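K.L.:
next one to model:
(one chain, ligands or ions: 1)
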Amino acid sequence: MSKILGIAFAGHEAAPLAAFAQRLGLPFDLLVLTGNAETDLGAEKVLSAGLSDLPPASALVEALRAHATGYTHIAGISSMASKDVLARLAGALDCAMVTDVIAADSPTVFKRPIVAGSAIATVEVLDPVAVLTVRPAGFGQPNRGGSSAVETISISAASNVVVTNRVQGGGARPDLTQAKIIISGGRPLKDAATFESVLGAFADKVGGAVGATRAAVDSGIAPNELQVGQTGKIVAPDLYIAAGVSGSTQHMAGIKDSKVIVAINKDPDAPIFETADFGLVADLFDAVPELTSKV
Ligand SMILES: Cc1cc2nc3c(=O)[nH]c(=O)nc-3n(C[C@H](O)[C@H](O)[C@H](O)COP(=O)(O)OP(=O)(O)OC[C@H]3O[C@@H](n4cnc5c(N)ncnc54)[C@H](O)[C@@H]3O)c2cc1C
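P.N.:
Alright, predicted model coming up:
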């Protein structure tokens with residue numbers, strides 16, 4: 001009998017995992033590592049670990065392995081944490097892994113983007129157990145109702161790796177992967193202070209997150225954790241405003257699930273205008289402050 005274990009590294013990941021399981025039509029349990037464990041998502045059981053912080057991946061894998069027996073699918077939301085932990089778990093369980101699942105044709109046949117999102121691969125899992133990471137945008141909202149049984153579980157953090165410090169990026173702004181609005185910038189932002197004063201001010205005015213291209217990150221204009229794209233974060237906001245972003249394949253791979261993309265670029269031939277829903281040919285140093293003052 002097929003059954004899914006959805007592993008939510010943070011409480012808010014439980015809902016999209018439930019949506020994924022519901023679309024597959026399989027029964028599921030949810031294991032919530034940190035944050036609130038919602039009980040109306042249709043899970044047979046909610047396992048709540050109640051951790052305040054995630055332990056190092058090596059410790060987490062050993063603990064999760066003990067909870068993974070009896071499931072045919074072990075799924076997490078695509079994120080840095082899931083890539084780190086679930087790949088190790090697939091290795092420990094010696095089973096197949098499919099990352100960045102965007103659709104499912106059946107409980108064993110999945111679609112995932114390849115070549116920076118310019119092609120979609122259909123892959124079939126032949127192993128009895130599959131470890132999956134899932135992009136929430138493909139599966140909508142879960143049906144809610146009922147009340148799942150909640151079991152408190154203990155996750156042992158015993159490890160030879162000691163976390164000495166945690167640095168939270170982004171300050172009070174929303175997390176990039178959760179944000180409804182993202183204001184993103186590229187190489188023309190010049191330096192960290194300009195990036196913050198131009199884009200940060202706009203983001204704060206609209207309650208959004210700030211994102212950056214890899215060129216901006218590599219030039220020291222924006223911190224690493226703000227990078228959006230193929231080798232950065234995959235985002236799916238309602239509104240993505242890209243200022244001074246050329247629209248490289250690698251950047252666009254991270255934003256294509258955005259509902260509305262707005263590009264501000266002074267070059268009318270910039271590739272981003274081919275994908276953007278709205279385009280403004282303008283100097284961002286004029287346009288963004290003006291937008292900030294008018295919103
Ligand atoms: C393996 C690999 C992985 C990669 N992964 C990523 C990734 O995850 N994310 C990512 O972003 N990139 C990634 N890249 C890099 C990517 O190829 C591009 O180099 C990068 O996205 C370009 O960033 P940019 O648009 O900021 O810079 P540029 O290409 O320099 O473009 C700047 C744009 O700003 C415009 N502009 C200049 N001045 C102004 C102004 N004053 N007002 C308005 N517009 C202005 C220009 O017309 C131009 O279109 C990757 C590359 C490789 C090879």
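K.L.:
which secondary structure element contains residue 83?
P.N.:
If you go by DSSP states H and E, residue 83 is part of helix 80-93.
K.L.:
so what does the next helix or strand after that helix touch, helix or strand wise?
P.N.:
Moving toward the C-terminus from helix 80-93, the next helix or strand (DSSP H and E) is strand 96-101. Where contact means 3 or more Cβ pairs under 8 Å, 6 or more residues apart in numbering; DSSP states H and E, strand 96-101 is packed against helix 80-93, strand 109-114, strand 130-134. C-beta here means a position set from N, CA and C on the backbone, and glycine is covered the same way.
K.L.:
export the helix or strand bottoming out on mean pLDDT in the chain as PDB, just CAs?
P.N.:
The helix or strand of the chain with the poorest confidence is helix 57-67; it has a mean of 91 (mean pLDDT, DSSP states H and E). Coordinates of each C-alpha in helix 57-67 appear next as PDB, following Å, rounded to 0.1, in the frame of the first residue of the first chain:
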ATOM      1  CA  ALA A  57      21.900  17.600   8.300                       C
ATOM      2  CA  SER A  58      24.100  14.600   9.300                       C
ATOM      3  CA  ALA A  59      22.200  14.300  12.600                       C
ATOM      4  CA  LEU A  60      18.800  14.900  11.100                       C
ATOM      5  CA  VAL A  61      19.200  12.200   8.500                       C
ATOM      6  CA  GLU A  62      19.900   9.600  11.200                       C
ATOM      7  CA  ALA A  63      16.800  10.700  13.100                       C
ATOM      8  CA  LEU A  64      14.600  10.800  10.000                       C
ATOM      9  CA  ARG A  65      15.700   7.400   8.800                       C
ATOM     10  CA  ALA A  66      14.100   5.900  11.900                       C
ATOM     11  CA  HIS A  67      10.700   7.500  11.000                       C
END
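K.L.:
next helix or strand past that helix?
P.N.:
Counting by DSSP H and E, the next helix or strand C-terminal to helix 57-67 is strand 73-77.
K.L.:
just want the angle from that following strand to strand 130-134.
P.N.:
For strand 73-77 against strand 130-134, the angle by axes from the mean of the first three to the mean of the last three Cα atoms, to 10 degrees is 20 degrees.
K.L.:
sheet partners, orientation included, of strand 73-77?
P.N.:
Applying DSSP bridges, strand 73-77 is found paired with strand 4-8 (parallel), strand 130-134 (parallel).
K.L.:
got a list of what the residue of the stretch 51-200 of the chain found nearest the ligand touches?
P.N.:
Nearest residue of the stretch 51-200 of the chain to the ligand: residue 186, at 2.2 Å (Cβ to the nearest ligand atom). Shown in contact with residue 186 (Cβ atoms under 8 Å, 6 or more residues apart in numbering): 212, 213, 215, 216, 242, 243, 244, 245, 246.
K.L.:
same deal with residue 14?
P.N.:
Each residue near residue 14 by Cβ under 8 Å, 6+ apart is listed here: 6, 8, 30, 32, 37, 38, 41, 43, 46.
K.L.:
just residue 27 next, same as before
P.N.:
Shown in contact with residue 27 (Cβ under 8 Å, 6+ apart): 1, 2, 3, 4, 21, 44.
K.L.:
filter these down to the ones in helices?
P.N.:
Using DSSP state H, the subset of the contacts of residue 27 located in helices is residue 21.
K.L.:
kindly write the ChimeraX command that selects the buried subset of the contacts of residue 27.
P.N.:
Entered in ChimeraX, the line below selects the buried ones among the contacts of residue 27, by 16 or more other Cβ atoms under 10 Å:
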select :4,21
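K.L.:
what's the burial count for the nearest residue to residue 81 once chain neighbours are set aside?
P.N.:
Excluding the flanking residues, the one nearest residue 81 by Cβ to Cβ, 6 or more residues apart in numbering is residue 9, at 4.6 Å. By the criterion of other Cβ atoms under 10 Å, residue 9 has 23 neighbours.
K.L.:
residue 9 contacts residue 78, correct?
P.N.:
No - Residue 9 lies out of contact with residue 78 (Cβ atoms under 8 Å); the separation is 11.1 Å.
K.L.:
thinking again about what came up before, can you tell me which of the contacts of residue 27 is nearest residue 181?
P.N.:
Closest to residue 181 out of the contacts of residue 27 is residue 21 (28.7 Å), distances taken as Cβ to Cβ.
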